[in-house]
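Participant: predicted model and sequence below, questions to follow.
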Amino acid sequence: MERVLRDERGMALAVAIFALVVAGALIAGAFFAGNQEQRLGQNTLRVQQSFGAGEEALNEVVANWNPAVYNVLKIYPADSFIVPTTTTGGGTGQYGGVIRKLNNQVYQIDLTGRDKASASGALFGGGARQRIGEFVRIRLLELGIGGALTTQGSIKLSGNAYVDGTDHIPAGWSSANCDTIGDTTKAGVRAPDSAVVQTGSGAHLSGNPPFLKDTTVSSSTFTQFGDMTYSDVAAMATIQLPGGTYKTDPTTNAAGTCDETNTTNWGDGMNPSAACGSYYPIIHITSSATLNGDQGQGILLVDGDLSIQGSYQFYGVVIVKGSLKTAGGGATQAHFWGAVMAQNVDLTLNSLSGNATLNYSKCAITQALDMTGVVAPDRSRNWSLLFSGFDGFWRFH
Amino acid sequence: MSHLTRRGFSLVELLIAMVLLAIVVAGLYRTLMTNQRVYQQQTQVIGLQQNMRAAAAILPQELRELNSTGGDIYAMTATSITVRAHRWTAFMCTPPVTGLGGAVGPQQVPGATMILRVQPFFGRSINVAIDSMFIRYEGDDGTRKDDGYVVGRPTLIQTAGVTCPVTAGGGAGQLVTMNLDFRGNLNFPTSIANGDPVLGFEPVTYSLYQPTAGGDWYVGLTTSNGQQPLIGPVLSNGLAFAYYDSTGAVTAVPARVARVDITLRAQTTQQIRARSGSNSLVRMVDSVLTSVALRNNRRF
């Protein structure tokens, strides 16, 4: 009897294997469903996190806009700036992309954001990414320019000094880059009190009106520009100089490109198509200064007094906290193209061949502000979720 | 003892074995059936949640890019919204001629032309039959306060042999003939700058949709190609929109909408057990609320 039982071959192993297979299939099925759900959930989460990284990236680029890098780009497609892969401020993701200068006013920021896990590159299938674009526009400094010359204190015009508030396109500049609408004609002089203006026999005031009495002109006119202060603009300066006497001229480096490391190279307004023609620095002189040749363009801030000698020419905006004094004039037409704001002014032009000291130029002002300003999102329709028809993706990349 | 003379199982042994086997098989069967039900239930729930995820992704993407102040919301109700949906973005390399003889030109300019770059071009290609375009308007260079967009209706697209001017960087272009409407903006020379962006749109409607009478409801997408189900099935009140202005107050004025709340109430495709051990079968329902802030409203 014992031998019979010992010799019988049972089916326990087969049943056990069958049961294991069934149980395994059941567990695998449940695991598959659960795994699918987990993956879907994670993917959705990563897409949202990537979107957040992309939006944060846009804000970071706008907040940290560097005019010295971005504003000097050539207009697309001749140039563009590659935003390197960067970790977002909160460390929740990464972004990278490109900044395109579409024209002098408008830029496109094209960034792709990735959540932290996707950016690590360890995810099967590559993870998530979101490509977001924003159109930004130069946020012009709100100078409140009401005249070719704005001053709070006394004004003395003598010799052949001429202040003209009629809009001028600087000699040699293309009218195609200068619009013809808006407040193109200004007052010649804008000041709070007409009694402070002294005009010699040969001096002229022109504009609409030639003199504008504006009692709102105060010391804050020279220090507060919309939501920015004089100090804010000075802090953005590309060139910082102590007081002194300077001769400034455009210079190029060995490669023939504009040498922007030279602190006495203030651009080339006389030759807009030359290498330094598109270089518009913000120059901040921390004390009184004298300029005795030859030219500059951009925004000039002088903490003290500014004295101009000879035929010096400046294109753009000049803000002088102290007094502005000019003398001489040589054979050239004007000292300033754009607008000047100075607490006190003494303009004297001795040359018989010269006929102006200050010409209002909306184009020179706009160019200077466009090339030196930071940006803000365009007024409307600035934001878009980019999706490239070229690579065939629809929204999600 | 030879094998032939061995004794077999007794009847009692056989009965006991069969009963035990029956118990084991019944247990296995029950486990199998339970697991199958759980699997089906999971599949249904996954489908339901995926539907809601899709709704939480697709609808906000579409609505986020609206500019309600610019008229992008054509119509809105508690269960549907008809909008001008963004479809493509391009850059000009030759702007349309603006102004008239150096002075201010007319508001309507039929047959105006511009050249768009072929690359980069974001989105689908231009569809002359249904697309409208917004062309950036710079206006006065000296201020941002008049910046905006003018409207173009494309009538003809030509690509063969079209290139961007060398002075604008060259490259392949597409010539767009259109009817230009300045919509109250001054049409003067240089008011549209070269390089400015051009945005393409098509009208779409999102609403509740019941393909067959008495059948399931869906979130439907209506385009020029007709209506089709996009997300679902949902309840008969499965899609609800609420509109808020910039102060957070409810508004019924399309041009004032700054935020849209989307409520989706979706249900499973099939019935599943209401709860474990229950015999009652129901279609499981879940809901999601998504708030979307409109990004492109005019800000000043």
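Facilitator: That came in fine, so what should we check first?

Participant: ok, stretch B:217-227 near chain A or not?
Facilitator: No - judged by C-beta under 8 Å from any C-beta of the partner chain, stretch B:217-227 and chain A are separated, with a smallest distance of 13.6 Å. Where C-beta positions appear, they are placed from N, C-alpha and C, glycine not excepted.

Participant: what comes up buried for that stretch?
Facilitator: If you call a residue buried by 16 or more other C-beta atoms under 10 Å in any protein chain shown, then stretch B:217-227 has these buried ones: B:217-222.

Participant: contacts for it next, please.
Facilitator: Under the criterion C-beta atoms under 8 Å, 6 or more residues apart in numbering or on different chains, residues B:55, B:59, B:82, B:129-130, B:202-211, B:228-236, B:238-239, B:264 lie in contact with stretch B:217-227.

Participant: return a PyMOL selection command for the buried portion of those.
Facilitator: In PyMOL syntax, the buried subset of the contacts of stretch B:217-227 is picked out as below (16+ other C-beta under 10 Å):
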select buried, chain B and resi 55+59+82+130+202+203+204+205+206+207+208+209+229+230+231+232+233+234+235+238+239+264
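
Participant: so which of the contacts of stretch B:217-227 are in strands?
Facilitator: The strands, defined by DSSP state E, take in B:82, B:202-209, B:228-236, B:238-239, B:264 from the contacts of stretch B:217-227.

Participant: residues from the stretch 51-200 of chain A in reach of chain B?
Facilitator: A:75-78, A:102-106, A:108, A:133, A:135, A:137, A:139-140, A:176, A:178-183.

Participant: so where's the chain uncertain?
Facilitator: Looking at chain A here, since you left the chain open. A:1-9, A:180-183, A:195-196, A:198, A:200-201, A:328-334, A:346-356, A:387-397 (pLDDT under 70).

Participant: if you could check chain B rather than the one you did, that'd help
Facilitator: Within chain B, the segments meeting pLDDT under 70 span B:1-6, B:276.

Participant: quick one: the helices in it?
Facilitator: B:11-64 (DSSP state H).

Participant: do the same with the stretch 101-250 of chain A
Facilitator: Per DSSP state H, counting those that start in this stretch, the stretch 101-250 of chain A carries helices over the ranges A:116-119, A:230-235.

Participant: just send the ones you listed back as a markdown table, with mean neighbour count too.
Facilitator: A markdown table is the format used below for the helices of the stretch 101-250 of chain A (neighbours: other C-beta atoms under 10 Å in any protein chain shown):
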| stretch | mean neighbour count |
| --- | --- |
| helix A:116-119 | 20 |
| helix A:230-235 | 16 |
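
Participant: if we can go back for a sec, and the buried residues of stretch B:217-227, which is closest to chain A?
Facilitator: Taking C-beta to the nearest C-beta as the measure, residue B:221 is the one of the buried residues of stretch B:217-227 closest to chain A, at 13.6 Å.

Participant: what is the closest one paired to in the beta sheet?
Facilitator: Assessed by DSSP bridges, residue B:221 has beta-bridge partners residue B:206, residue B:228.

Participant: how far away is it from residue B:48?
Facilitator: Per C-beta to C-beta, to the nearest Å, residue B:221 is found 20 Å from residue B:48.

Participant: same question, residue A:285
Facilitator: As judged by C-beta to C-beta, residue A:285 and residue B:48 stand 69 Å apart.

Participant: OK, contacts around residue A:279?
Facilitator: For residue A:279, the contact set (C-beta under 8 Å, 6+ apart) comprises A:72, A:250, A:258, A:260, A:265, A:267-268, A:297-298, A:371.

Participant: could you redo the last one with a cut-off of 7 Å?
Facilitator: Applying C-beta atoms under 7 Å, 6 or more residues apart in numbering or on different chains, we find residue A:279 in contact with A:72, A:258, A:260, A:267.

Participant: again with residue A:377
Facilitator: Neighbour list for residue A:377: A:62, A:134, A:136 [criterion: C-beta under 7 Å, 6+ apart].

Participant: sort out for me which of the residues of the stretch 51-200 of chain A next to chain B are in strands.
Facilitator: Counting by DSSP E, the part of those found in strands is A:106, A:108, A:133, A:135, A:137.

Participant: how about those, which pair is most distant?
Facilitator: The distance between the two most remote of these (C-beta to C-beta) is 14.0 Å, for A:133 and A:137.

Participant: in the stretch 251-397 of chain A, which spans are helices?
Facilitator: A:362-372.

Participant: got the residue ranges for the strands in the stretch 151-300 of chain B?
Facilitator: B:173-181, B:197-209, B:217-223, B:226-244, B:259-267, B:272-273, B:281-282, B:285-293 (DSSP state E, counting those that start in this stretch).

Participant: dump those strands into CSV; add distance to residue B:72 as well.
Facilitator: Formatted as CSV, the strands of the stretch 151-300 of chain B follow (distance: least, C-beta to C-beta, whole Å):
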stretch, distance to residue B:72
strand B:173-181, 16
strand B:197-209, 8
strand B:217-223, 16
strand B:226-244, 13
strand B:259-267, 12
strand B:272-273, 40
strand B:281-282, 40
strand B:285-293, 13
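
Participant: residue A:243: which of these is closest?
Facilitator: strand B:197-209 (45.2 Å).

Participant: alpha carbons of that closest one, as CSV, please.
Facilitator: Presented in CSV, the C-alpha positions along strand B:197-209 are these (Å, rounded to 0.1, in the frame of the first residue of the first chain):
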residue,chain,number,x,y,z
PRO,B,197,4.4,89.5,-36.8
VAL,B,198,1.3,88.3,-38.6
LEU,B,199,-1.1,86.0,-36.7
GLY,B,200,-3.6,83.6,-38.4
PHE,B,201,-7.0,82.7,-36.9
GLU,B,202,-10.0,80.5,-37.6
PRO,B,203,-13.4,80.6,-36.0
VAL,B,204,-14.3,77.6,-33.8
THR,B,205,-17.0,76.7,-31.3
TYR,B,206,-16.8,74.5,-28.3
SER,B,207,-20.2,73.3,-27.1
LEU,B,208,-22.2,70.3,-25.8
TYR,B,209,-22.8,67.9,-28.7
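
Participant: just want the angle from it to strand B:173-181.
Facilitator: 70 degrees (axes from the mean of the first three to the mean of the last three C-alpha atoms, to 10 degrees).

Participant: confirm residue A:60 sits in a helix?
Facilitator: Yes - under DSSP: H, G, I helix; E, B strand; the rest coil, residue A:60 sits within a helix.

Participant: mind checking how far the closest residue to it other than its chain neighbours is from chain B?
Facilitator: Counting by C-beta to C-beta, 6 or more residues apart in numbering or on different chains, residue A:89 is the residue found nearest to residue A:60 once chain neighbours are left out, at 6.3 Å. Going from residue A:89 to chain B by C-beta to the nearest C-beta, to the nearest Å gives 20 Å.
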